[in-house]
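Asker: A predicted structure for the sequence below; I have some questions about it.
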Amino acid sequence: MQLFFIILAGLLFRLAGINKLEGLWNDEYVSWKIAATSFQDGFIPAMKSQCHMPFYYFYLKLCMLWGGQNDIVLRFSSLFPGVLSIIVMYFVGLQKDKKTGIIAALLTAISSFLIYYSQEVRLYSLLFLFSAISLLYLLRFLKNKTATNLGGLILADFLILFTHTIGFVFVFFQLLILSILIFKQYKKQIIILWLSITALGAILAPFAINIMRAKVFVQWWDNFSLSKLGFLFTDYFSPVLTNLTGAPDNLIYIKSFSFIFFTFITPLIALFLIGKSVYKNKQNTCLLTITLGTILILAIAAIIGKLVFVTKYSVEIYPILLFLTAYGITSFEKKFIANILLTIFCFINLLYLIISPTSAPKMPRPEGHKIVADLIKNANLQDGDFILMEYYDKGRFEKYTSFEKYNVVEISKGNFYKYLSPDYDYSQIYLNGKELYKPIFSETQKGFFEYKLKKDVLDNLKLNQSVLVISNNNVAKYTPKNIKSITSNDIIYKKTPILFLVFSYVNNHATEYFTTNLSVTRLEQGGAWRAFKFTKLNK
C-alpha cells in the first residue's frame, strides 16, 4: 500500500504542468524532428548526425506511431519511464530490505530532477530507467551469480550504451569494479560479461566514430568550473535545478536565506547518508567508486573542452546515489534520527515542489519555439516581408508556424561564418575562431557584416515592407560595451564561449544597422526571445 501511494504521488507530480505553453525548445525539437522523419526521408542519416546514440529516437518514433505528434503525447513518452523508474528503484532498495526499497522509491518519486526530465522530450528519463535496471541486476548478480542476473546486467548496460554517448564511461567503471570484486572466484562470468559488452558495443562503433568526427559548436557554449561539481549534487538532491544547461561559476550565486535553505540542506543530508552507507557496507564503497570515477572522467573531458559539464550527462550514476541515500537512512540504529532526517529531506523537497513558481513541474521553457511563433503572429507581417532569424534556422519553428509568405534570412550556428568575414570557412572557425574573430569583436575589423545585411535584406526591401529580427537573449547576451571589455582581457576572452560572442555581435550590429536605416515599428519580448520589427517608411 505504501508503494502504491508513492507511485501515485510520483505520477501526479509528473502530470502537473506537463502541458508546456511555450512548446518544445531546441533539444526537444531535435528529438521530435528526428523521430518524425520517415525512413524514406532520411531517419537513419538524421539520427547519425546527432551527438547521442540512436535508441531513444527509435523509442520516440514508436511512441509517436502509437500516440501521434502532439506535444503532450511526446512528453508522455518520458513520463512513462519516469513512473516505471519508481517501481524499479523499489526493487533496487529491496536488495537490502523492504524499508530501503520504500525509501528508494520515495526519493525517486519526489526527485525534482527526475520530475523535470519526466516532462522533457529527451532521453534522460529513459536513461535513468535503464541505469536503475542495471543497478538492480548488478546488486542481484553480486548476491547470486546466475545466468539470468548476468544477462539482465548485460542487456541493461547495452541499452545504456545504445542510448547515451557518454554511457560507456559509466559502464566501463561499473564492469571494472565488478571485475575487481569477483574475478578470483568467477573468472568465467567476468570474461563472458566483458566479451558480451564488447561484442554488443562493436555494433555501436559506426555511431561512435561518426560522433567523434562531427564538428559541432553546440558542445562549446559553457566552461567548466569547480562549482559545477557542487551543482551536480544540488540538482540531484535539492528541489532547485541550477545546472540543466549551464550553471554559474559561483556555488552560492544568490545570497538569500530561502535559496540556501532549499538548495543546500537536502544535499548535505544526502551526503551524510551516503557517507554512512559507505561506512556500513564495503560493497557500497565500490558503488560510490563507480560514481566518482564517472564524474572524474566527465570533469576532465569538460576541462579540455570536449563536453559541457551539466548534470544530465551523468544521469547513469543517479540511481546509485539514490540507493546509497536510502541505504544510509535504514542503517541507523536509532530510528528516531533516521526519521527526522528523512522528514526534513522530504519536507523541503515537497514544499518547494508545491509552492515555488520555479519548481520542476512549473519551470518554464523560456526558449520554447511556440513563443517565436506567437511573436511572429503578433508582429502582423504582410506577405513578402522579411524575417531575420538569428542562431536557429526557420526549420526549428515550423512545428508551430509557417514561413511560406515571408522572405527568411538565416544567420544560424551553421552559417554565421558567411556573415562575419569572407576570409574564413567553418573548419577554420571551428579550429581557431577565437583568434580569427578577435579583430571583428574588438571593432578593429568591421564592415562586412553590414554589407551582407544590405545585400540580403535592405536592398530587397520595398517601401512599407518590414523586417522582423528574431534573437535569443540567452545567447545574444552581451552588449557592445560588454564585448569590448571581454576582448580587452585575454583571460576572460579565452573563457567566454565563442557562440555567445558571435551572436551578441550579430544581434548588436543588426539592431544598430536597421535602426539607422529603417523605422522601428514594434518591439516584443517573450521568454528568452526578442522580436524587433523595422519598416521601410520612406525612400
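Answerer: Good, I have the coordinates.

Asker: what about the stretch 401-539 of the chain, any weak spots by pLDDT?
Answerer: Regions of the stretch 401-539 of the chain meeting the criterion pLDDT under 70 cover residues 444-446, 539.

Asker: can you list the domains in this protein?
Answerer: What automatic domain parsing lists as the domains of the chain is 2-355, 369-535.

Asker: Doesn't Leu388 lie inside a strand?
Answerer: Yes - counting by DSSP: H, G, I helix; E, B strand; the rest coil, Leu388 is part of a strand.

Asker: Could you list which residues are in contact with it?
Answerer: Val409, Ile411, Val457, Val467, Leu468, Val469, Ile470, Ala510 (CB atoms under 8 Å, 6 or more residues apart in numbering). From N, CA and C alone the C-beta is placed, and that goes for glycine too.

Asker: Now intersect the residues you listed with the helices, please.
Answerer: Ala510 (DSSP state H).

Asker: Make CSV out of the contacts of Leu388 and add neighbour count and distance to Tyr318.
Answerer: Listed next are the contacts of Leu388 as CSV, based on neighbours: other CB atoms under 10 Å; distance: CB to CB, whole Å:
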residue, neighbour count, distance to Tyr318
Val409, 20, 43
Ile411, 28, 38
Val457, 22, 48
Val467, 25, 46
Leu468, 24, 42
Val469, 24, 41
Ile470, 22, 36
Ala510, 25, 42
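
Asker: could the domains of the chain go into CSV alongside distance to Lys362?
Answerer: Below are the domains of the chain laid out as CSV (distance: least, CB to CB, whole Å):
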stretch, distance to Lys362
domain 2-355, 5
domain 369-535, 14
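
Asker: out of the ones you listed, nearest to Met363?
Answerer: domain 2-355 (6.6 Å; CB to CB).

Asker: Run the chain-centre distance for that closest one.
Answerer: 12 Å (CA atoms, centre = their mean, to the nearest Å).

Asker: and that domain, how far apart are its ends?
Answerer: 24 Å (CA to CA, to the nearest Å).

Asker: Quick one: mean pLDDT for that domain?
Answerer: The pLDDT scores in domain 2-355 average 89.

Asker: and what of stretch 364-384?
Answerer: Mean predicted confidence for stretch 364-384 is 94.

Asker: Can you tell me which of the domains of the chain is most buried?
Answerer: domain 2-355 (a mean of 19; mean count of other CB atoms under 10 Å).

Asker: ok so, going back, wait, which of the contacts of Leu388 is closest to Gln95?
Answerer: Ile470 (52.2 Å).

Asker: contacting residues around the closest one?
Answerer: By CB under 8 Å, 6+ apart, Ile470 lies in contact with Val372, Leu375, Ile376, Ile387, Leu388, Met389, Glu390, Trp529, Arg530, Ala531.

Asker: redo that, cut-off 7 Å
Answerer: Contacts for Ile470 (CB atoms under 7 Å, 6 or more residues apart in numbering) come out as Val372, Leu375, Ile387, Leu388, Met389, Glu390, Trp529, Ala531.

Asker: Format these as a markdown table; extra columns: distance to Thr401.
Answerer: Output for those, formatted as a markdown table (distance: CB to CB, whole Å):
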| residue | distance to Thr401 |
| --- | --- |
| Val372 | 8 |
| Leu375 | 10 |
| Ile387 | 10 |
| Leu388 | 15 |
| Met389 | 12 |
| Glu390 | 17 |
| Trp529 | 13 |
| Ala531 | 12 |
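
Asker: related to what we said a few turns ago, save the contacts of Leu388 as TSV, and put in distance to Pro54 too.
Answerer: Converted to TSV, the contacts of Leu388 look like this (distance: CB to CB, whole Å):
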residue	distance to Pro54
Val409	33
Ile411	30
Val457	39
Val467	40
Leu468	37
Val469	36
Ile470	31
Ala510	37
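
Asker: Tell me the spacing between the residue nearest to Ser331 when sequence neighbours are not counted and Ile337.
Answerer: In space, and not counting its chain neighbours, Ser331 is closest to Lys280: 4.6 Å by CB to CB, 6 or more residues apart in numbering. Lys280 sits 14 Å away from Ile337, going by CB to CB, to the nearest Å.
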